[in-house]
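A.B. asks: just to be clear, the model below is a prediction. Sequence and coordinates:
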Amino acid sequence: MSEFLTMVELAELVGCKPNQRSEMIKWLDRERWRYVTDRNGLPKVARAYFKRKLGIEETKGSAKYEDAPNLAAFA
């Protein structure tokens, strides 16, 4: 899987056709999404950024700290 969204995935997000790069860029600018353009003028959105923006980021490993303090440590 690529680090960037495909043109089809980006078009689905934006609500346009995959070959409408100007519409994609307008939408990304209006919604204040971060992206870069490649040398062909195609907008590139990182897959990790996409997941983070939509709140579907996968957690990596377990949490470093517990949710509650260890009260037994004070005994």
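C.D. replies: Structure received.

A.B. asks: in contact with the residue nearest to residue 43 when sequence neighbours are not counted, which residues?
C.D. replies: The shortest distance from residue 43 to any non-neighbouring residue, by CB to CB, 6 or more residues apart in numbering, is to residue 35 (4.6 Å). No exception for glycine: its C-beta is placed from N, CA and C like everyone else's. When contacts are counted by CB atoms under 8 Å, 6 or more residues apart in numbering, residue 35 touches 25, 28, 43, 44, 45.

A.B. asks: measure the second one to residue 2 for me?
C.D. replies: Here the criterion is CB to CB, to the nearest Å. By it, residue 28 lies 18 Å from residue 2.

A.B. asks: of the two, which one has the most company?
C.D. replies: Between residue 28 and residue 2, counted using other CB atoms under 10 Å, the more crowded position is residue 28 (18 against 9).

A.B. asks: name the nearest residue to the more buried one, ignoring sequence neighbours.
C.D. replies: Excluding the flanking residues, the one nearest residue 28 by CB to CB, 6+ apart is residue 35, at 5.1 Å.

A.B. asks: touching, residue 13 and residue 5? I think so.
C.D. replies: Yes. The criterion here is CB atoms under 8 Å, and residue 13 meets it with residue 5 at 7.3 Å.

A.B. asks: give me the common contacts of these two.
C.D. replies: Contacts common to residue 13 and residue 5, judged by CB under 8 Å, 6+ apart, are residue 50.

A.B. asks: ok so, going back, so of the contacts of residue 35, which ones are in strands?
C.D. replies: 43, 44 (DSSP state E).

A.B. asks: make a PyMOL selection of the buried ones in the contacts of residue 35.
C.D. replies: Listed next is the PyMOL selection for buried residues among these, using 16 or more other CB atoms under 10 Å:
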select buried, resi 25+28+43+45
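
A.B. asks: distance to residue 70 and pLDDT for the contacts of residue 35 - can I get that in CSV?
C.D. replies: Converted to CSV, the contacts of residue 35 look like this (distance: CB to CB, whole Å; pLDDT from 0 to 100):
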residue, distance to residue 70, pLDDT
25, 50, 96
28, 45, 97
43, 47, 96
44, 45, 96
45, 41, 96
